[in-house]
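*Asks:* predicted model and sequence follow; I will ask about them next.
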Amino acid sequence: MHYFRLGVVLGTLGAAAMGARAAEVAPSTAAPEIVLKHTDPARVVFLEHTGPYWTVGPLFKQVREAMADHNESGPMFARYLADPTVVPVESLTTEVGFVARGTWEPEPPFKTVQRDGEQVVTMVVEGSYGTTTRYYSLMRDWVLTHGFEAVGPVIEWYPSPLRGAPPGARRTEIQIPVRRASSAVSAT
């Protein structure tokens, strides 16, 4: 599977979709910690988008407005479902949504689904949304050297920053679903 190559491209495109400025440079700091964890099951509400990843920006606005209208405060996410190195740009699919904590049952175009928990490699990155891509190669290296393989699309979680917070106060949690690599399982 090409999930790691996908992650590198998606991080770049996701940043563009979030309106990040490419010229913005984050201060040099130590790399954030990479953690293997199991996510909790969650009910998510989302919009689907087909087309270039860099055109999903308006979906974030729609999702934020729906959250406000229904008193929802769960974190927002973008889940990139296709590999842009294999799938034509016009056929790329994205889910943009949030974890629903209330009882709201959305109407189309919104969708809702109960997601099972899953094992993920995760890293929390602080700073502008445009600075997350530099960490994808670190995550890929960690997965390979620790005997895992990617088994699902990259998910970026965007907890809401405090109103008026500077770009450096933003946080993104990058998750890559993983399992033990076949060669690692047979070697044990």
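*Replies:* It's in. Residues are numbered from 1 along each chain as shown.

*Asks:* can you give me the strands in this structure?
*Replies:* Secondary structure of the chain (DSSP state E): strands located at 34-38, 42-50, 76-80, 93-99, 111-115, 119-126, 148-150, 155-158, 171-180.

*Asks:* possible to save those strands as TSV with mean neighbour count, mean pLDDT and distance to residue 68?
*Replies:* All C-beta atoms are positioned from the backbone trio N, CA, C, and that covers glycine. What follows is those, written out as TSV (neighbours: other Cβ atoms under 10 Å; pLDDT from 0 to 100; distance: least, Cβ to Cβ, whole Å):
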stretch	mean neighbour count	mean pLDDT	distance to residue 68
strand 34-38	13	96	30
strand 42-50	18	96	13
strand 76-80	23	91	12
strand 93-99	22	95	11
strand 111-115	12	95	17
strand 119-126	18	93	25
strand 148-150	20	95	34
strand 155-158	21	90	15
strand 171-180	20	93	20
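
*Asks:* residue 173 contacts residue 121, correct?
*Replies:* No: between residue 173 and residue 121 there is no contact under Cβ atoms under 8 Å: 11.1 Å.

*Asks:* how much space between the residue nearest the centre of the chain and residue 96?
*Replies:* By Cα atoms, centre = their mean, the chain has its centre lying nearest to residue 156, at 1.5 Å. Going from residue 156 to residue 96 by Cβ to Cβ, to the nearest Å gives 10 Å.

*Asks:* list residues touching both of the two?
*Replies:* When contacts are counted by Cβ atoms under 8 Å, 6 or more residues apart in numbering, residue 156 and residue 96 have 77, 78 as shared neighbours.

*Asks:* sounds good, over and out.
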